[in-house]
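Enquirer: Pasting the sequence and the predicted model now:
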Amino acid sequence: MPSSPPRGPMPMDLSAAAIETMASLTERLARAIEDECETIAARQFSRLKGQIERKLQVVGAYERQIALMGGGAVVAADPMARARLRDPTQRLREAMSLHTVRVAAARTVTDRLVRSVAEAVAEKARPVLGYGPGAALRTAHAAPAAMAIRAEA
């Protein structure tokens, strides 16, 4: 009985140059994310805008390279690509994990700061009117204070 031809597209061998480009972009992306993490840890937030813009350029090049190589599934199916990209991809995953933690921590600090400012504003908005029963201070009841912050991405 003759064997049937394989179904679906045949896997294509990726060029060494394409794999090296992908490895380089993966390493550059990991470094960009690591730089952002260092900036967040140092609380130098004014530097983030430029870093994010540069990172987005690398992300665009990374996505274009994957598309040129036939997509993530094709890259993952290539043994040479898997071997060469193992370490850079691990570095990228670790950088992304650290980035998630650093951004969450910075957001928590920011949220607490905003809440403290809102509470201080609300406290100032409730003047003391005098003394009530049992010599307790009587204050005006103000509606909860709300604040909006304009964030530029």
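Expert: Happy to help now that I have it.
Enquirer: From now on I want contacts and neighbour counts done on CA atoms only, so please keep to that.
Expert: Fine.
Enquirer: any weak-confidence spans in this structure?
Expert: Within the chain, the stretches with pLDDT under 70 are 1-12, 125-132, 135-153.
Enquirer: would you list every one of the strands in it?
Expert: Listed in chain order, the strands found in the chain under DSSP state E are 128-131, 137-139.
Enquirer: Residue 115 versus residue 21, what's the distance?
Expert: Counting by CA to CA, to the nearest Å, the gap from residue 21 to residue 115 is 46 Å.
Enquirer: ok, now residue 93?
Expert: In terms of CA to CA, residue 93 sits 33 Å off from residue 115.
Enquirer: And for residue 34?
Expert: For residue 34, the distance to residue 115 - CA to CA - is 29 Å.
Enquirer: So these two - more neighbours on which side?
Expert: Using other CA atoms under 10 Å as the criterion, residue 34 and residue 115 rank with residue 34 on top: 19 against 15.
Enquirer: doesn't residue 102 make contact with that one?
Expert: No: if you go by CA atoms under 8 Å, residue 34 and residue 102 don't touch, sitting 10.5 Å apart.
Enquirer: wait, isn't residue 61 in contact with residue 24?
Expert: No: using CA under 8 Å, residue 61 is not in contact with residue 24; the gap is 10.7 Å.
Enquirer: Can you show me the helices along this protein?
Expert: With DSSP state H as the definition, the chain shows helices at residue ranges 16-41, 48-68, 72-77, 79-124.
Enquirer: In stretch 108-117, which residues are buried?
Expert: Within stretch 108-117, the residues scored as buried using 16 or more other CA atoms under 10 Å are residue 114.
Enquirer: for stretch 32-41, same thing?
Expert: Within stretch 32-41, the residues scored as buried using 16+ other CA under 10 Å are 32, 33, 34, 35, 36, 37, 39, 40.
Enquirer: and what of stretch 92-106?
Expert: By neighbour count on 16+ other CA under 10 Å, the buried set for stretch 92-106 is 92, 95, 96, 99, 102.
Enquirer: How about stretch 72-80?
Expert: For stretch 72-80, by 16+ other CA under 10 Å, it's 74, 75.
Enquirer: Export it to CSV, keeping only CA atoms.
Expert: The C-alpha coordinates for stretch 72-80 follow below in CSV (Å, rounded to 0.1, in the frame of the first residue of the first chain):
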residue,chain,number,x,y,z
GLY,A,72,5.6,31.9,15.8
ALA,A,73,4.6,28.3,15.1
VAL,A,74,7.1,28.0,12.2
VAL,A,75,9.9,29.4,14.3
ALA,A,76,9.0,27.1,17.2
ALA,A,77,8.9,24.1,14.9
ASP,A,78,12.4,24.7,13.6
PRO,A,79,15.0,22.8,15.6
MET,A,80,17.9,25.2,14.8
